[in-house]
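A.B. asks: Mind folding the following:
(4 chains)
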Protein chains: 2
Amino acid sequence: MVLGNEVVSVARAGVTPERLVQAGAELADEVGFDGVTVSALARRFDVKVPSLYSHVRDSRDLKTRITLYALAELADRAAAALAGRAGRDALIALGTVYRDYAREHPGRYAAARLRLDPRTAATSAGPRHAQLMRAILLGYRLDGADQVHAVRLIGSTFHGYISLELAGGFDHSEPDPQESWERIMDALDALLHNWPAPTPEVAS
Amino acid sequence: MVLGNEVVSVARAGVTPERLVQAGAELADEVGFDGVTVSALARRFDVKVPSLYSHVRDSRDLKTRITLYALAELADRAAAALAGRAGRDALIALGTVYRDYAREHPGRYAAARLRLDPRTAATSAGPRHAQLMRAILLGYRLDGADQVHAVRLIGSTFHGYISLELAGGFDHSEPDPQESWERIMDALDALLHNWPAPTPEVAS
DNA sequence: CTCGGTCGCCTAAAACCATTAGGCTGTTGC
DNA sequence: GCAACAGCCTAATGGTTTTAGGCGACCGAG
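C.D. replies: From the prediction side, this is the model:
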């Protein structure tokens, strides 16, 4: 049955897992990752809620897929930004990709922080992120053992800063977050150039 | 009506906001901050759900109170740990307080990260945390402007590391997180001792 | 001592979300 | 042409939040 140009009665809405994930990612950016709900998504597709269960196992499955999508998208951006850069440039480029992505797509960034079960995580873009992080350290001279610690430091600082900024932690204090971000990039760069040896245990 | 020693029929369960918050904090540590629900709390007090609404405005209010509780508890621990310490000792002591608290009370730590509205935040223990963070920098020689950046760096790194460790981000990679933590404390200490000047803008 | 008020809990009910079971209808492949 | 399937639907259950209103127990005043 067709009225005007609108297919009215039993038309297919054209729901696919891919479109669900895409719409879910957009919804996350609008209402937060927690607001991504099967119901909200069904409304967005103008479809009854149970219809989505043919395309997605359950709510958890939906969120996992959005997480994988965000991780891959972010890894793509990171890889593109790192191409042709090394050392300080690479460090800042990578950090800025993460930060910009989080500000542009807060819901997807939150999605990327969802804990995945180990099997899923192994086939996600997670390892690509780790790889890119390690690539940055090639521009600095760090011993093998120190590299892991440095990767963890950089990852922690990136994520911590972005998470605090996004949560509004810097909203009501003085200097522009942008300025702090730049100074922190400077500081990390300096630190990587001059990575300290471990402090020996002090026998009391 | 009394059976044995049990008051059976219409006894008061003795719910108070304080006991709700306390139980809510414990519940958060057991099932995660998201699992803290009015229903779950009512079950724990063996009381019907709507009864809690005389003690707490709504679910949001409950969570806010748990957040305030956690922030205060954490600030107390931090202040105690910082007493009599300066410089590197103070830095490590503060970081370790945060990290230990997060591992001991993951739900409360998550609660402490809840975004508060500005009015509530101003009267929370949040400013105390900021104060303690600034106190650490007294042991290092930093210009006024650099202090804020350094505070933000330290806060970001602490929070980022703890958050990644808690989320299991280091679960399946090589070195012990404890070792990385110590090396990162060393690195932060070295960085604060040798804080870099801002890199000048390079005119293209 | 008793009477009214308040406090602390209750039941009832509406609204939203997740999930399962089962039905109906075009479309597609043989 | 028909059977199977894909894609959507209705119906129903159960959990969560929140509001409205009731009822008994305790407490202070007369």
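
A.B. asks: What residues sit buried inside the helix or strand in which A:Val21 is found?
C.D. replies: In the assignment (DSSP states H and E), A:Val21 maps to helix A:17-31. Buried residues in helix A:17-31, counted by 16 or more other Cβ atoms under 10 Å in any protein chain shown: A:20-21, A:23-25, A:27-29. For glycine as for every other residue, the C-beta is placed from the backbone atoms N, C-alpha and C.

A.B. asks: any idea how far that helix is from the chain center?
C.D. replies: 14 Å (Cα atoms, centre = their mean, to the nearest Å).

A.B. asks: what packs against it?
C.D. replies: Identification of packing neighbours for helix A:17-31 by 3 or more Cβ pairs under 8 Å, 6 or more residues apart in numbering or on different chains; DSSP states H and E yields helix A:38-45, helix A:59-82, helix A:106-112.

A.B. asks: Please enumerate residues in contact with that helix?
C.D. replies: The contact list for helix A:17-31, computed with Cβ atoms under 8 Å, 6 or more residues apart in numbering or on different chains, reads A:35-36, A:40-41, A:44-45, A:52, A:55-56, A:62-63, A:65-66, A:69-70, A:105-108, A:110-111.

A.B. asks: When you filter those down to buried only, what's left?
C.D. replies: A:36, A:41, A:45, A:52, A:55-56, A:62-63, A:65-66, A:69-70, A:105-108, A:110-111.

A.B. asks: dump the residue contacts of A:Ala102.
C.D. replies: A:109, A:162, A:165-166.

A.B. asks: make that A:Ile162, sorry
C.D. replies: By Cβ under 8 Å, 6+ apart, the contact set of A:Ile162 is A:98-99, A:102, A:109.

A.B. asks: make it 6 Å
C.D. replies: By Cβ atoms under 6 Å, 6 or more residues apart in numbering or on different chains, A:Ile162 lies in contact with A:99, A:102.

A.B. asks: Check for me that it belongs to a helix.
C.D. replies: Yes: under DSSP: H, G, I helix; E, B strand; the rest coil, A:Ile162 falls within a helix.

A.B. asks: Briefly note if stretch A:128-143 comes near chain B.
C.D. replies: No: applying Cβ under 6 Å from any Cβ of the partner chain, one finds stretch A:128-143 separated from chain B by no less than 8.0 Å.

A.B. asks: export that stretch as CSV, just CAs?
C.D. replies: Provided in CSV are the C-alpha atoms of stretch A:128-143 (Å, rounded to 0.1, in the frame of the first residue of the first chain):
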residue,chain,number,x,y,z
ARG,A,128,46.4,-1.6,16.7
HIS,A,129,46.2,1.2,19.2
ALA,A,130,48.9,-0.4,21.3
GLN,A,131,51.0,-0.8,18.1
LEU,A,132,50.7,2.9,17.3
MET,A,133,51.7,3.8,20.8
ARG,A,134,54.8,1.7,20.6
ALA,A,135,55.6,3.2,17.2
ILE,A,136,55.9,6.6,18.8
LEU,A,137,58.6,5.5,21.1
LEU,A,138,60.8,4.6,18.1
GLY,A,139,61.6,8.3,17.9
TYR,A,140,63.0,8.2,21.5
ARG,A,141,65.8,6.0,22.8
LEU,A,142,64.3,3.8,25.4
ASP,A,143,65.4,0.4,26.6
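
A.B. asks: Now do the buried residues in it.
C.D. replies: A:128-129, A:132-133, A:135-137, A:139-140, A:142.

A.B. asks: Now pLDDT too, for the residues you listed, in JSON lines please.
C.D. replies: What follows is the buried residues of stretch A:128-143, written out as JSON lines (pLDDT from 0 to 100):
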{"residue": "A:Arg128", "pLDDT": "98"}
{"residue": "A:His129", "pLDDT": "97"}
{"residue": "A:Leu132", "pLDDT": "97"}
{"residue": "A:Met133", "pLDDT": "96"}
{"residue": "A:Ala135", "pLDDT": "96"}
{"residue": "A:Ile136", "pLDDT": "96"}
{"residue": "A:Leu137", "pLDDT": "96"}
{"residue": "A:Gly139", "pLDDT": "92"}
{"residue": "A:Tyr140", "pLDDT": "95"}
{"residue": "A:Leu142", "pLDDT": "93"}
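
A.B. asks: Would you mind listing what in chain A touches chain B?
C.D. replies: A:115, A:148-149, A:152-153, A:156-157, A:159-161, A:164, A:167-168, A:175, A:180, A:183-184, A:186-187, A:190-191, A:196, A:198-199.

A.B. asks: Go ahead and confirm A:Leu74 touches A:Asp100.
C.D. replies: No: A:Leu74 is beyond contact range of A:Asp100, at 10.3 Å (criterion: Cβ atoms under 6 Å).

A.B. asks: Any regions of chain A where pLDDT drops low?
C.D. replies: For chain A, the stretches with pLDDT under 70 are A:1-13, A:202-204.

A.B. asks: Which residues of it lie near DNA strand C?
C.D. replies: Taking Cβ under 7 Å from any atom of the strand as the contact definition, chain A meets DNA strand C at A:9-10, A:37-40, A:49-50, A:53, A:58-60.
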